[in-house]
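Peer 1: fold the following for me, if possible:
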Amino acid sequence: MRNKIWFMAVVLGVVAFLAGLALSGVKGMTTPIIEKRILEQKIKPSLDKFFDGLDLENDCIEDRQVLDLGKDARGRKQVTTLFLGKKGGKTVVAALQTKAAGFGGDIEVLTAFSLDDKKILGVKTLSQSETMGLGARVSNDAEPFIQQFGGMNYSDGVAMRSNGGQVDAISGATVSSVAFTAAVNRATVLVEKNVDSAAAN
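Peer 2: I've put the predicted structure just below:
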């Protein structure tokens, strides 16, 4: 009886190990495909819209850089993507992917900046799993909540009006609004910290 139990435990362990390997392999294969789809379907059209009329001399997508942000509280590696736009040999615009924890999970946001006058050119939700009809409204580009970010000065960061800032929340979706704003604010901090060194590379 003991031998049978031992054998079953070994078989179960082997199956679990092989399943883990299979899942890891699938993730490894699908991650680049998902990233490419997001670049083509969400990021590139958004950057084209935000940077329209600027006649940039480089391809922001091709020249993108991955920034290493260290590890989070759980020890997981944190990275973000920085897009730089140049004109006359000078970096004049930038965009960053950032995220923050919302009501239903992480809200990932693309924030575009005009570097000379310290203005936010626009924001775009890349992914979210918020409540339909409430927090999920952060995905609607026509939503007043989304549109209010365009033209904001980011020199001193971005915050909710309840915290002394200039951002009005979506009615009934405070958690989602706070998370989205936090993601945008994180982008303002990172762009100030990294754009000069990234542009020099």
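Peer 1: from here on, just use CA atoms for contacts and neighbour counts.
Peer 2: Fine.
Peer 1: can you pull out the helices in the protein?
Peer 2: 2-38, 44-50, 144-147, 174-200 (DSSP state H).
Peer 1: what's the least confident stretch among those?
Peer 2: Ranked by mean pLDDT, those bottom out at helix 2-38, with a mean of 62.
Peer 1: the nearest residue to residue 113 once chain neighbours are set aside: neighbour count?
Peer 2: Take residue 113 and drop its neighbours on the chain: the residue closest to it by Cα to Cα, 6 or more residues apart in numbering is residue 120, 4.6 Å away. Neighbour count for residue 120, taken as other Cα atoms under 10 Å: 26.
Peer 1: so what's residue 120 up against?
Peer 2: 111, 112, 113, 114, 149, 150, 151, 152, 153, 154 (Cα atoms under 8 Å, 6 or more residues apart in numbering).
Peer 1: how about those in JSON lines, adding distance to residue 177?
Peer 2: Supplementary listing: those in JSON lines, determined by distance: Cα to Cα, whole Å:
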{"residue": "111", "distance to residue 177": "15"}
{"residue": "112", "distance to residue 177": "18"}
{"residue": "113", "distance to residue 177": "20"}
{"residue": "114", "distance to residue 177": "23"}
{"residue": "149", "distance to residue 177": "12"}
{"residue": "150", "distance to residue 177": "16"}
{"residue": "151", "distance to residue 177": "18"}
{"residue": "152", "distance to residue 177": "16"}
{"residue": "153", "distance to residue 177": "19"}
{"residue": "154", "distance to residue 177": "17"}
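Peer 1: ok, of these, which one's closest to residue 104?
Peer 2: residue 111 (20.9 Å; Cα to Cα).
Peer 1: next, count neighbours for the closest one.
Peer 2: 29.
Peer 1: residues of stretch 121-137 that come out buried?
Peer 2: Using 16 or more other Cα atoms under 10 Å as the burial criterion, the residues of stretch 121-137 that qualify are 121-130, 135-137.
Peer 1: pLDDT on it, on average?
Peer 2: pLDDT averaged over stretch 121-137 gives 94.
Peer 1: how long is it from one end to the other?
Peer 2: 20 Å (Cα to Cα, to the nearest Å).
Peer 1: the buried residues of stretch 121-137 in strands, which ones?
Peer 2: Cross-referencing the buried residues of stretch 121-137 against strands under DSSP state E gives 121, 122, 123, 124, 125, 126, 127.
Peer 1: now, which of those sits nearest residue 103?
Peer 2: residue 127 (13.1 Å).
Peer 1: which residues touch the closest one?
Peer 2: Contacts of residue 127 by Cα under 8 Å, 6+ apart are 106, 107, 108, 109, 139.
Peer 1: pretty sure the first one contacts residue 125?
Peer 2: No: using Cα atoms under 8 Å, residue 106 and residue 125 do not qualify as a contacting pair, with a distance of 10.9 Å.
Peer 1: good, wrapping up.
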